[in-house]
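Q: can't give you the sequence, but here's the structure:
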Ligand SMILES: [Zn+2]
């Protein structure tokens, strides 16, 4: 299976597709939560070692709206304390949750991998970019609301830089910052 085929097999999950695109341009590490069969394996085919699987429990179904998690609380706690999980958390710059897709997700037509690669080739990627004042205000709000730590703020800036490059923008705009913040995971169960 090549990258093009892997891309075509991802059903639904626009956020996973977007994360793959951002990572292809900016070489960001991506961590995918949820069961590995719900997109991670295909993302791996495209991004190689730049993507990790991080199911939220031993069975992988925790948080899934279709499949039920039967893990015990103690098993989940032990699993989440595992060093491997901590290592993945330390490396990740982008977090994406995956769900079991519905049939309607398979029926929808999506952008082809070729279209995505064309956009990446056209991207303007300067070494440094200015962040607009509204973007700075938004980061400050996120720090206060979610307790973003130093590494997470750096992730937001780095990923927002790539997003604005994909948009061929001249500076990092507030919407680029907003999108980058949604890929962070300072809250939750880890
Ligand atoms: Zn489970």
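A: Everything's here; your move. Keep in mind the model is a prediction, meaning the values are calculated, not measured.
Q: and this protein, which of its residues are near the ion?
A: 57, 59, 61, 62, 69, 71 (C-beta under 5 Å from the ion). Every C-beta, even on glycine, is put in place using the N, C-alpha and C of the backbone.
Q: how does it look with 6 Å?
A: Contact residues, the chain versus the ion (C-beta under 6 Å from the ion): 57, 58, 59, 61, 62, 69, 71.
Q: how about the second one, phi and psi?
A: For residue 58, the backbone dihedrals (degrees, to the nearest 10) come out as phi -60, psi -40.
Q: Okay, it and residue 78: tell me how far apart.
A: Note on residue 58: its distance to residue 78, by C-beta to C-beta, to the nearest Å, is 9 Å.
Q: residue contacts, residue 151?
A: For residue 151, the contacting residues are residue 90, by C-beta atoms under 8 Å, 6 or more residues apart in numbering.
Q: which parts of the helix ranked longest in the chain are buried?
A: Criterion DSSP state H: the longest helix present in the chain is helix 150-166. Neighbour-count burial for helix 150-166, counted by 16 or more other C-beta atoms under 10 Å, picks out 152-153, 155-166.
Q: Rebuild those as JSON lines, extending it with pLDDT.
A: What follows is those, written out as JSON lines (pLDDT from 0 to 100):
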{"residue": "152", "pLDDT": "90"}
{"residue": "153", "pLDDT": "94"}
{"residue": "155", "pLDDT": "94"}
{"residue": "156", "pLDDT": "96"}
{"residue": "157", "pLDDT": "96"}
{"residue": "158", "pLDDT": "96"}
{"residue": "159", "pLDDT": "97"}
{"residue": "160", "pLDDT": "97"}
{"residue": "161", "pLDDT": "97"}
{"residue": "162", "pLDDT": "97"}
{"residue": "163", "pLDDT": "97"}
{"residue": "164", "pLDDT": "96"}
{"residue": "165", "pLDDT": "95"}
{"residue": "166", "pLDDT": "95"}
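Q: what touches both of residue 58 and residue 78?
A: With contacts taken as C-beta under 8 Å, 6+ apart, residue 58 and residue 78 have no neighbour in common.
Q: which of those two has more neighbours?
A: Each of residue 58 and residue 78 has its neighbours counted (other C-beta atoms under 10 Å); residue 58 has more, 17 against 12.
Q: Which residue ranges make up the domains of the chain?
A: 1-121, 123-190 (automatic domain parsing).
Q: The closest residue to residue 9 other than its chain neighbours: which element?
A: Excluding its sequence neighbours, the residue lying closest to residue 9 (C-beta to C-beta, 6 or more residues apart in numbering) is residue 42, at 5.2 Å. For residue 42, the host element (DSSP states H and E) is helix 40-47.
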